[in-house]
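In: model the following, please.
(chains A and B)
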Number of protein chains: 2
Amino acid sequence: MSDFFMNISVSLDGYVAGPNPTMENPLGEGGEQLHEWALGTRAWRASHGYEGGAEGPDNGLMQEHVDRPGATIMGREMFGGGPGPWGDDPWKGWWGDEPPFRHDVFVLTHHEREPLVLGQTTFTFVTDGIGSALSQARESAGGKDVALAGGGEVGQQYLAAGLLDELEIHLVPILLGGGAPLFGTVGNAAPGLELDRVLESPTGVTHLRYRVKKPAAA
Amino acid sequence: MSDFFMNISVSLDGYVAGPNPTMENPLGEGGEQLHEWALGTRAWRASHGYEGGAEGPDNGLMQEHVDRPGATIMGREMFGGGPGPWGDDPWKGWWGDEPPFRHDVFVLTHHEREPLVLGQTTFTFVTDGIGSALSQARESAGGKDVALAGGGEVGQQYLAAGLLDELEIHLVPILLGGGAPLFGTVGNAAPGLELDRVLESPTGVTHLRYRVKKPAAA
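Out: You can find the predicted model right below:
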């Protein structure tokens, strides 16, 4: 069976978005820093219709993220549009007329809605739970892997249910001090859950060393 | 000036100890898993008076941790002994008659106490704050670096005060679900604080990929 994987950018203190998100700033205060590494790569830019961008290891990883999935699942908060039902002028997501997915995207929600076709991407709104979304996504992916695009809360639900196969974290060396946590209390919900580091390090432990740039005032 | 550095083992969800610590299990539920990588190394075992142990990169790093500091600072909770003053039969730490430090250790506390000499280690109890402890430790270290041994709360105080020079995290692929957080809200207390990855990766971002071992019940 194909793999169901999540890759997500996380601050060193464990947040996938900063505090106080708004419609204008859905990533919260400081949250845009989580994605700077990705937005500069050639693969990200190409998938969004732009030329240029950086080559190198980050770009190779991003190209894999673009190529690997045959379908994507995301939470309602990541799809956006604020609280409540969809209204007469329904929200169409953050990605314009040609979203970068170019395959079926399944959006978890409590509000029914007809599928939304934008360019080569079809958004299907799933109201009967995370298991149903995964079944539909696997069928749509036709043997390719399924990506979980986020956010953190949906990731916790899939982890706790034992449905996620692979987790890839882009650990960004910033402290947000608050916001949306990647893990929350999922370690309690899934006490048998263990993680095997795929690359490097026989013990599975990753050693990270940082120099602290002190605030000018200090 | 010599460097003031902290190295600490942290769960993937950001805890330096698990939930519900007790005198019998000061690392909290599951917390002992944080240190398994270190306890198996030859360098750790030698510093604690044991023979044998694993070679390799983890051991090289541990040897550096043993050799680098000329003095150590730790919080009262890490020194241990439970709440309250020291009593008639004062607590002597977790480390027996020959603690592995073999230099001056400065313990942050609110309770005055005479210095405690055990083998080649002298514990000095500092009641006038984190700045005083650092000054005393730097003087004692005689040009060598100063280590902050933990715990997380003391690390947050030094980070927020802009006094820490280097932070080294041993990220262990487990989820504890709760306990003592390494960072807490320190990102808010020190909004100008930035971290520079010392090794690898031009963007400073660390990419970690894990396979999820599912609970047997899932």
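In: now do the helices in chain A.
Out: Applying DSSP state H to chain A gives helices spanning A:36-39, A:42-47, A:57-67, A:76-79, A:130-141, A:152-160, A:186-189.
In: out of those, flag the one nearest chain B.
Out: helix A:186-189 (2.8 Å; CB to the nearest CB). C-beta: built from backbone N, CA, C; applies to glycine.
In: in that closest one, what's buried?
Out: Across helix A:186-189, burial judged by 16 or more other CB atoms under 10 Å in any protein chain shown covers A:186, A:187.
In: export only the CA atoms of it, formatted as CSV.
Out: Provided in CSV are the C-alpha atoms of helix A:186-189 (Å, rounded to 0.1, in the frame of the first residue of the first chain):
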residue,chain,number,x,y,z
VAL,A,186,-0.7,13.4,21.2
GLY,A,187,2.1,11.5,23.0
ASN,A,188,-0.5,10.7,25.6
ALA,A,189,-3.2,9.7,23.1
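In: that one packs against which elements?
Out: In this structure, helix A:186-189 packs against helix A:152-160, with contacts taken as 3 or more CB pairs under 8 Å, 6 or more residues apart in numbering or on different chains; DSSP states H and E.
In: gap between the helix it packs on and the chain center?
Out: 11 Å (CA atoms, centre = their mean, to the nearest Å).
In: try stretch A:15-33
Out: That offset, for stretch A:15-33, works out to 14 Å (CA atoms, centre = their mean).
In: so residue A:2 touches residue A:141, yeah?
Out: Yes. Between residue A:2 and residue A:141 there is a contact at 6.0 Å, judged by CB atoms under 8 Å.
In: tell me, what's touching these two both at once?
Out: Common contacts of residue A:2 and residue A:141 (CB atoms under 8 Å, 6 or more residues apart in numbering or on different chains): residue A:70.
In: these two: which is more packed in?
Out: For residue A:2 versus residue A:141, the count of surrounding residues by other CB atoms under 10 Å in any protein chain shown is larger for residue A:141: 20 against 17.
In: tell me who's in contact with that one.
Out: Taking CB under 8 Å, 6+ apart as the test, what residue A:141 contacts is A:2, A:69, A:70, A:71, A:103, A:104.
In: again, but for residue A:11
Out: A:18, A:33, A:34, A:172, A:174, A:175, A:176, A:179, B:187.
In: closest to residue A:147 among the residues you listed?
Out: The shortest approach to residue A:147 among these belongs to residue A:34, at 17.3 Å (CB to CB).
In: for the residue lying closest to the closest one once chain neighbours are set aside, grab the count of nearby residues.
Out: Nearest residue to residue A:34 in three dimensions, chain neighbours excluded: residue A:9, at 4.2 Å (CB to CB, 6 or more residues apart in numbering or on different chains). Here the count is done by other CB under 10 Å, and residue A:9 has 24 residues near it.
In: I figured residue A:9 hits residue A:39, correct?
Out: No. Taking contacts as CB under 8 Å, residue A:9 lies outside contact range of residue A:39: 10.5 Å.
In: not counting sequence-adjacent ones, nearest residue to residue A:129?
Out: residue A:108 (8.0 Å).
In: bridged to the one you found, which residues?
Out: residue A:75, residue A:126 (DSSP bridges).
In: hmm, it is touching residue A:77, no?
Out: No. Using CB under 8 Å, residue A:108 is not in contact with residue A:77; the gap is 9.4 Å.
In: re the thing from before, OK, contacts around the residue nearest to residue A:129?
Out: Counting by CB under 8 Å, 6+ apart, residue A:108 has contacts A:73, A:74, A:75, A:76, A:126, A:129, A:130, A:133, A:154.
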